[in-house]
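Chemist: Fold the following for me, if possible:
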Amino acid sequence: MQALGGNYADCGILIYDDAGNQLGTSTVIKHDRTNTRIEVRALPTELRAGNTCRILILTSPAPCEYQGRIITEGSSRLIAMFHGKEKENRTAARYKINTMAVVEHLIYHGKAFPLQTPMTVLLINISKSGVRFRAPLNAFIDGARFQMRMKISDSEKLLIADVVHHADFEPESSEYGCSFLIASERTG
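Modeler: Numbers count the residues shown, from 1 in each chain. So this is what the prediction gives:
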């Protein structure tokens with residue numbers, strides 16, 4: 001197991017219960033690497049001190065998945081702290097998500113080409129290694145590389161991924177399974 005690495009301040013996070021149900025989103029306020037704690041802006045009402053949860057932190061070069069226990073400090077306000085270690089699996093756990101993202105560029109031979117009309121897609125699930133989304137029928141071919149922008153809480157995430165496979169749902173849409181390559185974060 002690896003302790004929390006990097007600096008996650010201002011990163012967007014997705015919060016899940018142990019069964020993989022999405023409880024909400026938030027933003028990291030403070031990251032204490034020494035004590036492996038993450039203070040988040042808000043906690044879903046379902047979570048109380050002592051509850052365990054999993055979080056997906058939207059950070060570079062790809063999201064990080066952690067599991068731990070909620071703790072509180074002080075009596076005047078609830079401080080949502082996440083305490084745990086990075087979850088390591090041979091295969092990344094997939095978490096349901098129901099949010100929109102925008103594909104802005106296709107990437108070919110390392111060069112980004114902007115789409116004349118950016119494409120809005122529906123994210124279906126996400127993991128620390130990739131994302132699955134629904135888009136118009138035949139929007140991408142397997143092996144296509146693209147740049148996608150998604151907003152979680154106060155954090156905007158720019159992701160670059162490859163389409164690994166797709167399934168068509170005639171007559172109007174396809175689902176695309178994609179693998180992350182690189183990511184960057186912008187807040188505000």
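
Chemist: After the lowest-mean-pLDDT helix or strand in the chain, which helix or strand is next?
Modeler: Ranking every helix and strand in the chain by mean pLDDT, DSSP states H and E puts strand 80-86 at the bottom, with a mean of 62. Proceeding N to C from strand 80-86, the next assigned helix or strand is strand 95-108, under DSSP states H and E.

Chemist: any idea how far that following strand is from the chain center?
Modeler: 11 Å (C-alpha atoms, centre = their mean, to the nearest Å).

Chemist: Okay, the residue nearest in space to the middle of the chain and residue 165: tell me how far apart.
Modeler: A centroid search over the chain (C-alpha atoms, centre = their mean) returns residue 58, at 4.6 Å, as the residue closest to the centre. According to C-beta to C-beta, to the nearest Å, residue 58 stands 23 Å off from residue 165. Backbone N, C-alpha and C define where each C-beta goes, glycine included.

Chemist: can you check residue 123 too?
Modeler: 16 Å.

Chemist: what about the two, which has more around it?
Modeler: residue 123 (17 against 12; other C-beta atoms under 10 Å).

Chemist: Show me what counts as buried in the helix or strand harbouring that one.
Modeler: In this assignment (DSSP H and E), residue 123 forms part of strand 111-126. By 16 or more other C-beta atoms under 10 Å, the buried positions in strand 111-126 come out as 119, 121, 123-126.

Chemist: In JSON lines, list those along with pLDDT and distance to residue 161.
Modeler: Output for the buried residues of strand 111-126, formatted as JSON lines (pLDDT from 0 to 100; distance: C-beta to C-beta, whole Å):
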{"residue": "119", "pLDDT": "94", "distance to residue 161": "14"}
{"residue": "121", "pLDDT": "95", "distance to residue 161": "11"}
{"residue": "123", "pLDDT": "93", "distance to residue 161": "12"}
{"residue": "124", "pLDDT": "92", "distance to residue 161": "14"}
{"residue": "125", "pLDDT": "90", "distance to residue 161": "13"}
{"residue": "126", "pLDDT": "89", "distance to residue 161": "11"}
